[in-house]
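K.L.:
Sequence and predicted structure, then a few things I'm wondering about:
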Amino acid sequence: MAEITSLRQGGWRYLVPNGLTALNLCFGAIACFLAITGSYYSAGWFILLAVCFDRLDGASARALGATSQFGVEFDSLADLVSFGIAPAVLIFAVLTNDSTLGYGSGWRQWLLMASCSFYVVCCAFRLARFNVFAGADGTKIYFGLPSPASASTVVASLMTLIKYGGGGGGWAADVEILGGLTLSTGLRAWFPLVVVVVGLLMVSALRVPKMNPDKSIKGIYLGLNMLLIYVCVLLRIFPEYLAFMAVQVIVVSFSFHYFWESARRLSAGTVWQALSIEADPSDGVDSAPETGSSK
């Protein structure tokens, strides 16, 4: 059994990463509230803000030596809300309130509910599988599209469709990178299919490389783009750029999965292995995986 540490014995260090995780959870909850009340623009940015903050809890935990099994589980629960439930609620609210799409009632609404629910289930499975296989995944690869990248893909893509398809209030102050491009509102009618595909990518065995900035040309490119992402989210501008970056992650992952020899030598645990694996009773809090990794 793990030893309990008081605040005076250094337990205060755990308040920082867990506090950041709680903030991430709050962003997801606020996004749900805003989506329900019709503030789709703000709801989307709160989800993307949660994506940016997701890296901070793990970084602070490692810096303070405050990784714990509680932090891992708390982080996964927060991610389920911010990257699973919140995007699903936003998508459902946007599509059902657009009378031109036909998702407001009848079988189309049930179809939309099914696709959004499927996305949430896939996110929950992705997070649970990450916790189970975290110690076996190695240090340079994930199996399945991480939940933050999945949330970024569906949310930024939806916001781009709205921005260039007559999004209404809240978009007037945003500069249009794509100029006078006009996207038909009919494209949103197919968005549940995007939701299902992204959900499947989360639970798949797709080998996704861990992309961290370093001194190489690739690392510098990645670091600059990460900086631009943070700037866009904080200023609430250019969702189309964020959608492009999310799609780029998917394209790179498919290239890595099928064309890199080092990737083909790695294999992920199957669904049944994840469901039936038994925890090692000797594993304690000290052996828990680090928090804040892309789940």
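P.N.:
Arrived safely, thanks for sending.

K.L.:
what's next to the host helix or strand of residue 191, contact-wise?
P.N.:
Assigning secondary structure by DSSP states H and E places residue 191 in helix 191-203. With contacts defined as CB atoms under 8 Å, 6 or more residues apart in numbering, helix 191-203 is touched by 88, 91, 95, 111-112, 115-116, 118-119, 121-123, 125-126, 129, 144-147, 150, 153-154, 157-158, 161, 250, 271. Placement of C-beta: from N, CA and C, glycine included.

K.L.:
again, but for stretch 233-242
P.N.:
With contact meaning CB under 8 Å, 6+ apart, stretch 233-242 is reached by 44-45, 48-49, 51-52, 152, 156, 159-160, 163-164, 174-175, 177-178, 228-229, 232.

K.L.:
hmm, 6 Å instead?
P.N.:
Stretch 233-242 is contacted by residues 45, 48-49, 52, 156, 159-160, 174, 177, 232 when judged by CB atoms under 6 Å, 6 or more residues apart in numbering.

K.L.:
just stretch 86-103 next, same as before
P.N.:
28, 31-32, 35, 40, 43, 47, 104, 108-109, 112, 116, 119-120, 151, 154-155, 185, 188-189.

K.L.:
Do you have the helices of the chain handy? List them.
P.N.:
15-36, 40-64, 69-79, 86-96, 106-133, 147-163, 191-203, 217-235, 239-259, 261-264, 271-276 (DSSP state H).

K.L.:
Format the ones you listed as CSV; extra columns: mean pLDDT.
P.N.:
Formatted as CSV, the helices of the chain follow (pLDDT from 0 to 100):
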stretch, mean pLDDT
helix 15-36, 93
helix 40-64, 88
helix 69-79, 89
helix 86-96, 96
helix 106-133, 93
helix 147-163, 93
helix 191-203, 96
helix 217-235, 88
helix 239-259, 89
helix 261-264, 64
helix 271-276, 50
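
K.L.:
re the thing from before, buried subset of the contacts of stretch 233-242?
P.N.:
Neighbour-count burial (16 or more other CB atoms under 10 Å) is assigned, among the contacts of stretch 233-242, to 45, 48-49, 52, 156, 159-160, 174, 232.

K.L.:
for these, which one is nearest residue 66?
P.N.:
residue 52 (20.7 Å; CB to CB).

K.L.:
need the contact list for that closest one.
P.N.:
Residues in contact with residue 52 (CB under 6 Å, 6+ apart) are 230, 233.

K.L.:
mind redoing it with 8 Å?
P.N.:
229-230, 233-234.

K.L.:
Return a PyMOL selection command for the buried portion of these.
P.N.:
Selecting the buried subset of these in PyMOL, with 16+ other CB under 10 Å as the burial test, is done by:
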select buried, resi 229+233
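
K.L.:
Switch the contacts of residue 52 over to TSV; also include distance to residue 100.
P.N.:
Shown next, in TSV, are the contacts of residue 52 (distance: CB to CB, whole Å):
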residue	distance to residue 100
229	32
230	35
233	29
234	33
